[in-house]
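Participant: Sequence first, then the predicted structure, then my questions.
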Amino acid sequence: MKQKPEPIKRSPEEIEKGAIYLKQADTLLKEANFSGAMEALANARNADPRNPYLSAYEERIQALNKAHKEKVQGYLSKAKQYISEERYEPALEMVSLAFEKNPSDAEIVHLKNEIKRAKQAKEESMRASISIKVASYVAVAEGMLAQGDYIGAIGELLEGFILDPLNESLLHFEERHLEEILKFQENRISGARSTPLTMAA
């Protein structure tokens, strides 16, 4: 009968040293540092080349790395779609998620900065547009007030107030005419209260 081959034996020193590197690899893997995990795995292979778990652990690293990249690419694809629609807030959220997964990626950092700049430019443009719109309401209100049309003037000012309650044109108008408008409203309310009600026969 053929004798069974002697089982491959690993020395306690090999096992201990290899385990140290595998623990390092596992820590790095949990941090999504895949290149670092592969390097630690290579050290484990050098220290304990007959470890039967090395191949399985390498497959685990590769599978998690692939899933990680796909997730990051998914975030970036959504971000670019939002950018094309000028929806910078959700785009920034998507890029921030990608950044959390891979903070050292230069493309992600660049895209994040680009979105911030585009978002700021859009907000400034919207503020300028709102300011022009409110100024037009105030100008119309000025004309109405000059003709004694307080109700119409208040309506125009209300539209401006809804858009931007702290608009400079609106605040300057209030400084000049607030007392006059409040007095009109007070007289109007007092007049309504003093008007006798007529009852139907």
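Facilitator: Okay, I see it.
Participant: these two touch, right, residue 115 and residue 91?
Facilitator: Yes: Residue 115 lies in contact with residue 91 (CB atoms under 8 Å); the separation is 5.2 Å. Placement of C-beta: from N, CA and C, glycine included.
Participant: which neighbours do the two share?
Facilitator: Shared contacts of residue 115 and residue 91 (CB atoms under 8 Å, 6 or more residues apart in numbering): 79, 83.
Participant: distance between the helix ranked longest in the chain and the chain's centre?
Facilitator: Longest helix in the chain by number of residues (criterion: DSSP state H): helix 106-146. Its chain's average C-alpha position is 19 Å from that of helix 106-146, according to CA atoms, centre = their mean, to the nearest Å.
Participant: can you give me the helices in the chain?
Facilitator: With DSSP H as the criterion, the chain has helices spanning 12-30, 34-47, 54-84, 88-101, 106-146, 150-163, 168-194.
Participant: now these as a markdown table including mean pLDDT and mean neighbour count?
Facilitator: Listed next are these as a markdown table, based on pLDDT from 0 to 100; neighbours: other CB atoms under 10 Å:
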| stretch | mean pLDDT | mean neighbour count |
| --- | --- | --- |
| helix 12-30 | 92 | 16 |
| helix 34-47 | 94 | 18 |
| helix 54-84 | 93 | 15 |
| helix 88-101 | 91 | 18 |
| helix 106-146 | 91 | 15 |
| helix 150-163 | 89 | 17 |
| helix 168-194 | 78 | 13 |
